[in-house]
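Asker: Below is the sequence, then the predicted model.
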Amino acid sequence: MTGALLLASLLASAASTPPETAAPPPEALRDAWAPARVSPPSGSYVPEALIGDLERLAARSGGLIRIEEKGVSAEGRPILLLAAGSGPEKVLLWSQMHGDEPTATCALVDLLSHLVAARAEPAARQLLSRLTILAIPMLNPDGAARNDRRNAQGIDINRDALRLQTPEGRFLREVRERHRPVAGFNLHNQSPLVGAGEEGLQVALAVLAVSSSENEPDGPAVARKKGLAAHMARVAGVFAPGRVARYGTDYTERAFGDSMSRWGTPTVLVETGGWQGPGEEERLVRLNFVVLLSALHALARGEEALDAPSYEALPRNVRGRFVELLLRGASVHGGRGLPPFTADLAFVRPRSFAGDGLRLLSSVLADVGDLAHMTGLEEIDASGLVVAPAPAGGAAGWEKALAGLAARGLARDGRLLLPDDAALARESAAWAAGRAIVPWTEVDLVLFRRTEKGLAFDGFVKDGVRTR
């Protein structure tokens, strides 16, 4: 071919190829969430409400959002597979295979709503022409109805990829076999009490390029997984700096994420953690919305592997360091009549989700002693405080105990008039009536501050929360 003919061929090819549209920056995706939002403020759906929102979304989308398939849970609840777009490459996202892990479910609904609203915009049009998005927003509706990790059979669906004894697991496997997606996103919640590295902040989002074997060789599939995970981590870090980590787990053959990768769908695990403060649930849904949508844009543009070199540098998830409330340096009367001692006190509280961590029914005192290695989401300098087990009945119980002390001349104007620590040890053991400040007990505290006129009441720790 002559130079002129080659140039003409290249120009013709360029003319027939649609120009690339710039990917939306993370800030634009963040701003797009509120207008598109459908999900509830609680950050959690009940199954019936989810089905209603998805059916309405499909009905108003003009065919853009399609209910592609319907599975059935063990108890007969519907499991919807939705499709959006018409591109040749299929991408599968599934959420809430653990029924008490709801954040990404809300984000997926909002993401689909956004694509309907933005379908005429160049970036969205490009995404929808290059990808077919397959979404299962709630794989385990029976578990969701009970706020339970497992399905109605009592089986962890995410450990049923080999035996396939759950109808939910069979449905997920069948979806993969029918559609052969080129990438998968396995969406979960982990414990909110996880740190980004040994000294990092509370993790809001953790990612993992899920292995397909014990010793997976490098190749395009690994680059795709690591690139997507690192891309999502980078985007999340724009809004949650220092709160992004790499999830730590070994290859597990019976797990669905590992099996998806082994079956030929390179899969990224996304674990939503915690982000302490008002509006936590909404911030986490929005963060999921942004990182998932950004990852889809990267896939549509063929840029999913660009961030792969930064994957290994992500800090690891570190467990066992965070607690909800930490009192540091208190003078502790433990409730057993013993002399006081100086200790830190750590409390943990039940959460709507716990990931694979301990599920609590009520707040507990997690540890007592030198807890310098721990970090409290809320910390109190208790070096000027004296603490003892609170009597039963909360504030009313304390008023009753205080009235009894006053009748014996041991309290006046809300202050305890006790001659020494031995007297306080004796009296606090009496009003505690068997309650003691020891780990893994459901114990409330009454707090005092030493004054010249005696021990002044300074509030409670009730249900793991400091009150006055």
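Answerer: Now that the structure is in, tell me what you want to look at.
Asker: Other residues contacting the host helix or strand of Leu93?
Answerer: Leu93 belongs to strand 89-95 when assigned by DSSP states H and E. Strand 89-95 is contacted from outside by 101, 104-105, 107-108, 130-139, 172, 175-176, 179-188, 260, 265, 292, 296, 299, using Cβ atoms under 8 Å, 6 or more residues apart in numbering. In short, each C-beta sits where N, CA and C put it, glycine included.
Asker: Please point out which parts of it sit buried.
Answerer: Going by neighbour count (16 or more other Cβ atoms under 10 Å), the buried part of strand 89-95 is 90-95.
Asker: need the helices for the stretch 201-350 of the chain, in chain order.
Answerer: 220-239, 256-263, 280-300 (DSSP state H, counting those that start in this stretch).
Asker: Can you tell me which of those helices is nearest to Thr467?
Answerer: Ranking the helices of the stretch 201-350 of the chain by proximity to Thr467 (Cβ to Cβ) places helix 280-300 first, at 20.2 Å.
Asker: Next, the angle strand 89-95 makes with that closest one.
Answerer: Counting by axes from the mean of the first three to the mean of the last three Cα atoms, to 10 degrees, helix 280-300 lies at 160 degrees to strand 89-95.
Asker: can I get the CA coordinates of helix 280-300 in PDB?
Answerer: C-alpha atoms of helix 280-300 as PDB (Å, rounded to 0.1, in the frame of the first residue of the first chain):
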ATOM      1  CA  GLU A 280     -22.900   7.900  58.000                       C
ATOM      2  CA  GLU A 281     -25.200   5.700  56.100                       C
ATOM      3  CA  GLU A 282     -25.800   8.300  53.400                       C
ATOM      4  CA  ARG A 283     -22.100   9.100  53.000                       C
ATOM      5  CA  LEU A 284     -21.300   5.500  52.500                       C
ATOM      6  CA  VAL A 285     -24.100   4.900  49.900                       C
ATOM      7  CA  ARG A 286     -22.800   8.000  48.000                       C
ATOM      8  CA  LEU A 287     -19.200   6.800  48.100                       C
ATOM      9  CA  ASN A 288     -20.300   3.400  46.700                       C
ATOM     10  CA  PHE A 289     -22.300   5.200  44.000                       C
ATOM     11  CA  VAL A 290     -19.300   7.200  42.900                       C
ATOM     12  CA  VAL A 291     -16.700   4.500  42.900                       C
ATOM     13  CA  LEU A 292     -18.900   1.900  41.100                       C
ATOM     14  CA  LEU A 293     -20.000   4.400  38.400                       C
ATOM     15  CA  SER A 294     -16.400   5.600  38.000                       C
ATOM     16  CA  ALA A 295     -15.200   2.000  37.600                       C
ATOM     17  CA  LEU A 296     -17.900   1.300  34.900                       C
ATOM     18  CA  HIS A 297     -16.700   4.400  33.000                       C
ATOM     19  CA  ALA A 298     -13.100   3.100  33.200                       C
ATOM     20  CA  LEU A 299     -14.300  -0.300  31.800                       C
ATOM     21  CA  ALA A 300     -16.200   1.400  29.000                       C
END
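Asker: Any buried residues in the next helix or strand after the strand holding Leu93, and which?
Answerer: Using DSSP H and E, the helix or strand that directly follows strand 89-95 along the chain is helix 103-117. Neighbour counts over helix 103-117 (16+ other Cβ under 10 Å) mark 103-116 as buried.
Asker: what's the closest of those to Glu282?
Answerer: Among the buried residues of helix 103-117, and counting by Cβ to Cβ, the member closest to Glu282 is Cys106, at 9.0 Å.
Asker: The closest one touches Pro40, doesn't it?
Answerer: Yes: between Cys106 and Pro40 there is a contact at 7.2 Å, judged by Cβ atoms under 8 Å.
Asker: and the lengthiest strand in the chain, what does it pack onto?
Answerer: Assignment by DSSP state E gives strand 322-332 as the longest strand of the chain. Applying 3 or more Cβ pairs under 8 Å, 6 or more residues apart in numbering; DSSP states H and E, we find strand 322-332 packed against strand 341-348, strand 364-369, strand 375-381, strand 385-389.
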